[in-house]
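K.L.:
Okay, sequence plus prediction incoming.
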Amino acid sequence: MKNIISKINALARYHNEVSPELVKAKDIKLGLRNADGSGVVVGITSKGTVIGYERVPGKDGQGFEFRPVPGRLIYCGYDAVELAKSIHAEDRFGFEEVAYLLLTGELPSRDDLDNFTGILSRKRALTKLERGILMQEAQNDNQMFALHAVISHLSRCDPNPVSTEIEDVIENCITLTAKFPTIVAYNYNVTRYRNGEDLVMVRPDPKLSMAENFLYMLNGRRPTREEALLFDLSLMLHAEHGGGNNSTFAVRTVSSSGANTYMAICSGIASLSGHLHGGANEAVMMMMQSIKKNVRNWESRKQVKAFLEKILDKKAYDRAGKIYGMGHAVYTLSDPRCDILKSKALELAVRKEQVQELQLMDLVAEIAAELIKERKGQIVSPNVDYYSGFVYKILGIPLDLFTPIFAMARVAGWSAHRIEQIIQAKLIRPAYVTSLPQEFSYVPLSERRPEIEDKSA
């Protein structure tokens, strides 16, 4: 087995790796990205807009170039950060309102919000069959694997799981949005139970918001209002990020094929499980653990810089040469979600006496931006994942749940994009061109010779 795997690995690399020169010559947009790093426009949406650049005339008076600007995130025409601030200024929880906005394109009236929130509350509890599925499927310590398994098998509880009629899809999406927090919390507690701890499966309280309920179901303790509002803020800021982010584009692509809601949402979960998309806040917190362990004086700019240089030189931490949580595919000068999340986290950190760690993170971000610009010429800033992990940490949320929580929030955006994609009714099918220089003629088996040296023997 080892020999054939080595052989296939060598051949795959020989045939599949392409040179930058070939990509340029064929004008290929690898990763659906332009040469300047901006995304190739492949669709249209009313759900989310992500702004990190502005388009300006080129220096020679011809064509255009992209200039970095402070980041902005727009939900259905509303500034997402201002929306979150405004809702919390009214002393209300906001994730349910954001979910309604994304699904409908409009802010709800009081009656509409009460009705929608009531539906979510009634759907949040799992049925006996759903709990049985969860107990059967949530056997993997990897919480994203478990989440994917449970969501895919919830179709067994649906009398018409394959329907793509809009009303059925909307009901499916609302149901999944309601049940995700329960499933994520229960999955984790079932894993703990299988590892020898007591089984805790607290029924959701219909009087509590989604943010309150999740924290309550996770550990059996009702959170303080300050804790729940901070978590609610994080959920609102993670609910949507445009149609081009990897998981949402996956949901739209699968939805465009006519797949059912469960499979479409599972594709988003699968995408989010990849470390280049959903695991950044976990990586940030693990990196910070290494920094805290190896930097003696957390206030010393010199010591912090020296250790970050070792990380970039692949001599420290995971030796990948990356400072996690810095930079973004679209945002350049700033991630609009960062400042508000950090400021609210600071308020709770003061009470929990964890301000020193947050100050260290600020110093790391400042020095990291300078080093990356110095070494690579790139303008970067901390992204939302840089601080969201700290938020979850001070809320007592286990590291294993950081990415499932991302999915728990983003299911609102995935649902909105799925509905939009079905209405637009266009199969997503981009083109690929061949990297091969010619066609080949068949060669009899007895006359074939390896094109590359076989090093597996």
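P.N.:
Looks like it came in fine.
K.L.:
and Gly118, what is it in contact with?
P.N.:
The contact partners of Gly118, by Cβ atoms under 8 Å, 6 or more residues apart in numbering, come to none. To be clear about C-beta, it is placed using only N, CA and C from the backbone, and glycine gets the same treatment.
K.L.:
Distance check, it against Asp111.
P.N.:
According to Cβ to Cβ, to the nearest Å, Gly118 and Asp111 sit 11 Å apart.
K.L.:
now Leu102
P.N.:
Applying Cβ to Cβ to Leu102 and Asp111 gives a distance of 19 Å.
K.L.:
So between the two, which is more surrounded?
P.N.:
Leu102 (24 against 8; other Cβ atoms under 10 Å).
K.L.:
my guess is the more buried one contacts Ala412, does it?
P.N.:
Yes - counting by Cβ atoms under 8 Å, Leu102 does reach Ala412; the two are 5.3 Å apart.
K.L.:
can you list residues touching both of the two?
P.N.:
239-240.
K.L.:
Please parse this protein into its domains.
P.N.:
Listed by automatic domain parsing, the domain ranges of the chain are 1-28+434-457, 94-277+409-424, 280-394.
K.L.:
Check those for me: which has the lowest mean pLDDT.
P.N.:
The minimum mean pLDDT among these belongs to domain 1-28+434-457 (a mean of 84).
K.L.:
list the contacts for Asp91?
P.N.:
With Cβ under 8 Å, 6+ apart, Asp91 has no contacts at all.
K.L.:
next structured bit after the strand ranked longest in the chain?
P.N.:
Longest among the strand segments of the chain by residue count, using DSSP state E, is strand 64-75. Using DSSP states H and E, the helix or strand that follows strand 64-75 towards the C-terminus is strand 78-79.
K.L.:
The host helix or strand of Ser86 versus strand 64-75: what angle between them?
P.N.:
Following DSSP H and E, one finds Ser86 within helix 80-89. Counting by axes from the mean of the first three to the mean of the last three Cα atoms, to 10 degrees, helix 80-89 lies at 20 degrees to strand 64-75.
K.L.:
where's helix 80-89 relative to the chain centroid, distance-wise?
P.N.:
21 Å (Cα atoms, centre = their mean, to the nearest Å).
K.L.:
Likewise for stretch 104-112?
P.N.:
Taking the mean of its C-alpha atoms, stretch 104-112 sits 26 Å from the chain's own mean (Cα atoms, centre = their mean).
K.L.:
For it, measure first residue to last.
P.N.:
Counting by Cα to Cα, to the nearest Å, you get 11 Å between the two ends of stretch 104-112.
K.L.:
Where do the helices of the stretch 51-200 of the chain begin and end?
P.N.:
Assigned by DSSP state H, counting those that start in this stretch, the helices in the stretch 51-200 of the chain fall at 80-89, 95-104, 110-124, 128-137, 143-153, 166-194.
K.L.:
Out of those, which gets nearest to Leu371?
P.N.:
Set against Leu371 and scored by Cβ to Cβ, the helices of the stretch 51-200 of the chain come closest in helix 80-89, at 27.7 Å.
K.L.:
isn't Pro181 right up against Met408?
P.N.:
Yes - in this structure Pro181 lies within contact range of Met408 using Cβ under 8 Å: 5.6 Å.
K.L.:
When those two are compared, which one has more neighbours?
P.N.:
Shown here are Pro181 and Met408; by other Cβ under 10 Å, Pro181 has more neighbours (28 against 25).
K.L.:
Against Val411, how distant is that one?
P.N.:
10 Å.
K.L.:
again with Asp205
P.N.:
21 Å.
K.L.:
and if you look at Glu370?
P.N.:
Distance from Glu370 to Val411, by Cβ to Cβ: 37 Å.
K.L.:
neighbour-wise, which of these two wins?
P.N.:
Taking other Cβ under 10 Å, Glu370 and Val411 do not tie; Val411 has more neighbours (26 against 13).
K.L.:
Does the more buried one touch Lys179 like I think?
P.N.:
No - Val411 is not in contact with Lys179 according to Cβ under 8 Å; the separation is 9.4 Å.
K.L.:
Next, the residues that contact stretch 179-187 from outside, please.
P.N.:
Residues contacting stretch 179-187 (Cβ under 8 Å, 6+ apart): 123-126, 130-131, 134, 138, 143, 146-147, 150-151, 154, 201-202, 204, 210, 213-214, 217-218, 401, 404-405, 407-408, 411.
K.L.:
If we use 6 Å, what do you get?
P.N.:
Applying Cβ atoms under 6 Å, 6 or more residues apart in numbering, the contact partners of stretch 179-187 are 124, 126, 134, 138, 143, 146, 150, 201, 204, 210, 213-214, 217-218, 404, 408, 411.
K.L.:
cool, and stretch 428-442?
P.N.:
Taking Cβ under 6 Å, 6+ apart as the rule, stretch 428-442 contacts 18, 26, 253, 256.
K.L.:
Stretch 298-307 too?
P.N.:
294-295, 297, 360, 363, 367.
K.L.:
Quick check: end-to-end length of stretch 26-46?
P.N.:
This stretch, stretch 26-46, spans 32 Å end to end (Cα to Cα).
K.L.:
Buried residues in that stretch, which are they?
P.N.:
For stretch 26-46, burial by neighbour count (16 or more other Cβ atoms under 10 Å) applies to 39, 43, 45.
K.L.:
now it, how far from the centre of its chain.
P.N.:
For stretch 26-46, the distance to the chain centre is 20 Å (Cα atoms, centre = their mean).
K.L.:
residues in contact with stretch 227-238?
P.N.:
By Cβ under 6 Å, 6+ apart, stretch 227-238 touches 84, 93-95, 98, 211-212, 337, 344, 348, 388, 391, 395, 406, 409-410.
K.L.:
same deal with stretch 320-333?
P.N.:
50, 52, 68, 70-71, 280, 283-284, 287, 311-312, 314, 335, 368, 379-380, 382-383, 385-386.
K.L.:
Which of the residues you listed fall in helices?
P.N.:
280, 283-284, 287, 311-312, 368, 385-386 (DSSP state H).
K.L.:
farthest pair in these?
P.N.:
Leu312 and Asp385 (18.7 Å).
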